[in-house]
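> need a structure here:
(chains A, B, C and D)
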Number of protein chains: 2
Amino acid sequence: MPIQEDFSGAELEVMRRVSGLPIDELALSVASNLWRASQLFKQKLEREVLREHSLSFSSFSTLFIIWIWGPIETREIAKSQAVSKATVTSLLITLEKHGLVKRKVSKTDKRLVLAELTSAGRTMIEWVFPKFNQGEADVAGTLTEPEQLELARLLRKVVAGFQIPLEQEVAV
Amino acid sequence: MPIQEDFSGAELEVMRRVSGLPIDELALSVASNLWRASQLFKQKLEREVLREHSLSFSSFSTLFIIWIWGPIETREIAKSQAVSKATVTSLLITLEKHGLVKRKVSKTDKRLVLAELTSAGRTMIEWVFPKFNQGEADVAGTLTEPEQLELARLLRKVVAGFQIPLEQEVAV
DNA sequence: ATTCAAACGTTCGATTTCAAATGATTTTTT
DNA sequence: AAAAAATCATTTGAAATCGAACGTTTGAAT
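Residues are numbered from 1 along each chain as shown, chains lettered A, B, ... in the order given. Modelled structure (predicted):
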């Protein structure tokens, strides 16, 4: 099976050095390329799009979520971004400091905090998002359109796999 | 074209709200699922495998790279991990504090710093890596083997796309 | 040989990140 | 209704992360 020609040089060397150990090489290959692609993507967008607006990748993502979902609870931001509530607090403080976001306690449940954009925040996201999306298009553009569709489908399936953590064990 | 059924609920709502803007929805879909999958993967491994050994995802990755590549220069760790040199310095300091790694200045070029594992570091990575790989296998296991191969291939192609940044424009 | 430029790792300041602990509020039990 | 448990967001302390600035060392140019 000539799998070598599908590997990058570094990847091949790793495989060579862990061969002999009883490991799942295909899973290693999937995971390491997933991680590497995501990090390169993040860096590209931060450097080419976000830096000039003094936004971090996380700040931008948070701004985007608030833009999409209107006034939204802190805990929902955390869930949608797959980060802790503490992280969201920290991000919102930074965004508030920059005048892009406002926080207010919910009237109906005083434990909840709602986040919404200021007009400066709305201006910012509406200005930056198209450029961000262009960066996404540059990255995805490495693939043909059928390949992009397939990649999205496979990633979606992987993501869905995380959301059924214990059910099967409980069902015993 | 019934693409809806391939979207998750949240993803669909985002698409609905940005429709009307001239954006590349497929690229958005690829990028957001890439990022989400990578973050969920990182969190899963940190919680289920690394936490009990007091290792962060980055610490583990650094340990792994040093394990594979023997004494290795700081700049090469940075490149292979797609992080800045400053980050590597910080990670090596932490790893050194925990007695897992040793640093030494290169004899032939005093600007370079070489990192290598201590015996405690080697014991650690050889103990943790199989468990880490099992976590990778759990994640990849959501897909069939042909799907895993295809996902790895597509991600590898995306990664390769980052390594030819300006050539084409220069060629004009 | 001396100066100049490039490359390297580190330091610095700011932000992001998390788990654990905390304080406030709401819901459930009793 | 009072007490207990659960649920929030925040704070705290530690680490990760980056760009920019810095000092050291090497290589190139004069």
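
> what does chain A put close to DNA strand D?
A:43, A:46-47, A:51, A:73-75, A:78, A:85-86, A:88-90, A:92-93, A:103, A:111-113 (Cβ under 7 Å from any atom of the strand). The C-beta positions use only the backbone N, C-alpha and C, and glycine is treated the same way.

> need the buried ones from those residues selected in ChimeraX.
Command for ChimeraX that selects the buried part of these, burial taken from 16 or more other Cβ atoms under 10 Å in any protein chain shown:
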select /A:46,73,74,78,88,92,113
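
> take the residues of chain A next to DNA strand D and keep only those in helices.
Judged by DSSP state H, helices contain the following of the residues of chain A next to DNA strand D: A:43, A:74, A:75, A:78, A:85, A:86, A:88, A:89, A:90, A:92, A:93.

> I figured the second one hits residue A:112, correct?
Looking back up the chat, that one is residue A:74. Yes - counting by Cβ atoms under 8 Å, residue A:74 does reach residue A:112; the two are 7.4 Å apart.

> circling back: of the residues of chain A next to DNA strand D, list those near chain B.
By Cβ under 8 Å from any Cβ of the partner chain, the members of those lying near chain B are residue A:43.

> neighbours of residue A:110, how many?
Number of residues near residue A:110 (other Cβ atoms under 10 Å in any protein chain shown) recorded here: 8.

> so residue A:26 is in contact with residue B:151, correct?
No - counting by Cβ under 8 Å, residue A:26 stays clear of residue B:151, with 9.7 Å between them.

> what touches both of those two?
Common contact partners of residue A:26 and residue B:151 (Cβ atoms under 8 Å, 6 or more residues apart in numbering or on different chains): residue B:140.

> quick one: residues contacting the residue nearest the centre of chain A.
Nearest to the mean C-alpha position of chain A, counting by Cα atoms, centre = their mean, stands residue A:81 at 6.8 Å. When contacts are counted by Cβ under 8 Å, 6+ apart, residue A:81 touches A:58, A:61, A:62, A:65, A:88.

> go through those and say which is closest to residue A:30.
Compare each of these with residue A:30 using Cβ to Cβ and the shortest gap goes to residue A:61, at 23.9 Å.

> list the helices and strands whatever helix or strand the closest one lives in packs on?
Using DSSP states H and E, residue A:61 maps to helix A:57-69. The contact analysis (3 or more Cβ pairs under 8 Å, 6 or more residues apart in numbering or on different chains; DSSP states H and E) places helix A:57-69 against helix A:25-45, helix A:74-81, helix A:85-97, strand A:101-105, strand A:113-117, helix A:119-140, helix B:9-18.

> same for the third one, what does it pack against?
In other words, helix A:85-97. Judged by 3+ Cβ pairs under 8 Å, 6+ apart, helix A:85-97 is in contact with helix A:57-69, helix A:74-81, strand A:101-105.

> tell me the residues of chain A that contact DNA strand C?
Chain A has residues A:56-59, A:82-84, A:86-87, A:90-91, A:94, A:97, A:109-111 near DNA strand C, with proximity defined as Cβ under 7 Å from any atom of the strand.
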